[in-house]
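Peer 1: Sharing a model that was predicted from the sequence below.
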Amino acid sequence: MCSTCGCASGETRIEGVSNEHSHHSHDTSYHSHEYSHGLPFAPRRLIDIEMDVLAKNNHIAAHNREHFAQASILALNLVSSPGSGKTTLLTHTLTRLAPHSDCAVVEGDQQTTNDADRIRATGVPAIQVNTGKGCHLDAQMVHDAVHQLAPKNNSLLFIENVGNLVCPASFDLGERHKVAVLSVTEGEDKPLKYPHMFAASRLMILNKIDLLPYVTFDVDTCIANAQQVNSEIEVIQLSATTGEGMDQWLAWLEQQRCA
Ligand SMILES: Nc1nc2c(ncn2[C@@H]2O[C@H](COP(=O)(O)OP(=O)(O)OP(=O)(O)O)[C@@H](O)[C@H]2O)c(=O)[nH]1
Ligand SMILES: [Mg+2]
């Protein structure tokens, strides 16, 4: 369980056993009982806290969404595991978009301003949010960052979440859509292993397709896995570094702006 946001408390399942514990093969409650002693709060209280945290977050996210709608700002929340290529995708996207569209970026990472520096190098304003031990951006962080950033009316706001395929799925930031970026080096099973993220996303960008000749990765299986958890998910195959597929991504952005 994530100690920062209390995600998934009460949903943990423990399946399978090592050889030395085979006498407990069907008794998962034994293990759950053991673990419950390690929790800082009783399970019931933990669930209450989690509901409070998410309810407060949803309230602020609704406020953010209202602000974005009033200012005709298209806000997108880029989510992925660390290193899938979110910032690379953004810098190449901004290089092509910024000459004719107003853009702004909120960058989320536990530490460093590396990603905001990379975005600013394209000439686009960016705010870095460092979450410390936190594993996700929340709506309050985005609210505060957007106040400083002051994106223009009719602009595009990209929010790059902390690299993490788990917790950012639960936190609405007020964005129009979550966009999940999965790279071909991560394995085609990720949509099944981390279904909440792919269920919550409107689009899956399959990045680093330039590496397909060198890795064992079945594109069709990956897409089928994503569609298994979200039958409506759209998919764009892309290489942020070679530019292949970028036109399709830019067309998707334009379509969202007009929607
Ligand atoms: N071959 C290849 N490498 C890529 C591509 N996109 C990104 N990379 C590389 O992947 C690494 C990680 O890229 P980043 O853009 O920093 O990834 P990120 O998702 O922003 O990472 P975090 O912010 O740390 O979660 C870098 O070395 C990039 O150059 C791509 O399309 N093809
Ligand atoms: Mg990044």
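Peer 2: Nice, thanks for sending it over. Ligands and ions are numbered 1, 2, ... in the order given.

Peer 1: Quick check: phi and psi on the residue nearest the centre of the chain?
Peer 2: Geometric centre of the chain, nearest residue: Val79, 2.0 Å, by CA atoms, centre = their mean. Here is the backbone geometry of Val79 (degrees, to the nearest 10): phi -130, psi 150.

Peer 1: Can you give me every residue that contacts it?
Peer 2: Listed by CB atoms under 8 Å, 6 or more residues apart in numbering, the contact partners of Val79 are Asn161, Asn164, Leu165, Pro168, Ala169, Lys178, Val179, Ala180, Val181, Met197, Ser201. From N, CA and C alone the C-beta is placed, and that goes for glycine too.

Peer 1: quick one: the helices in the protein?
Peer 2: Under the criterion DSSP state H, helices of the chain are mapped to 28-36, 43-70, 86-97, 114-120, 139-149, 190-193, 195-200, 219-229, 246-258.

Peer 1: Relative to ligand 2, which of those helices is closest?
Peer 2: Evaluated with CB to the ion, the helices of the chain place helix 86-97 nearest to ligand 2, the distance being 3.3 Å.

Peer 1: For that closest one, what is the distance to the chain centroid?
Peer 2: Chain-centre distance of helix 86-97: 17 Å, with CA atoms, centre = their mean, to the nearest Å.

Peer 1: Mind giving me the packing neighbours of that helix?
Peer 2: strand 74-79, strand 103-109, helix 114-120, strand 156-160, helix 246-258 (3 or more CB pairs under 8 Å, 6 or more residues apart in numbering; DSSP states H and E).

Peer 1: how about JSON lines for these, with mean pLDDT and distance to Lys86 added?
Peer 2: Formatted as JSON lines, the helices and strands packed on helix 86-97 follow (pLDDT from 0 to 100; distance: least, CB to CB, whole Å):
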{"stretch": "strand 74-79", "mean pLDDT": "98", "distance to Lys86": "5"}
{"stretch": "strand 103-109", "mean pLDDT": "98", "distance to Lys86": "9"}
{"stretch": "helix 114-120", "mean pLDDT": "98", "distance to Lys86": "8"}
{"stretch": "strand 156-160", "mean pLDDT": "98", "distance to Lys86": "5"}
{"stretch": "helix 246-258", "mean pLDDT": "97", "distance to Lys86": "13"}
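
Peer 1: Turn the helices of the chain into a markdown table, including distance to Leu212 and mean neighbour count.
Peer 2: Below are these laid out as a markdown table (distance: least, CB to CB, whole Å; neighbours: other CB atoms under 10 Å):
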| stretch | distance to Leu212 | mean neighbour count |
| --- | --- | --- |
| helix 28-36 | 39 | 12 |
| helix 43-70 | 36 | 15 |
| helix 86-97 | 17 | 20 |
| helix 114-120 | 25 | 18 |
| helix 139-149 | 34 | 18 |
| helix 190-193 | 16 | 19 |
| helix 195-200 | 20 | 20 |
| helix 219-229 | 7 | 16 |
| helix 246-258 | 16 | 14 |
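
Peer 1: so which of the ones you listed gets nearest ligand 1?
Peer 2: When the helices of the chain are compared by CB to the nearest ligand atom, helix 86-97 sits nearest ligand 1, at 3.4 Å.

Peer 1: neighbouring contacts of that closest one?
Peer 2: By CB under 8 Å, 6+ apart, helix 86-97 touches 78, 80, 103, 105, 107, 115, 118-119, 121-124, 156, 158, 160, 163, 181, 205, 207, 238, 240-241, 243, 246, 249-250, 253.
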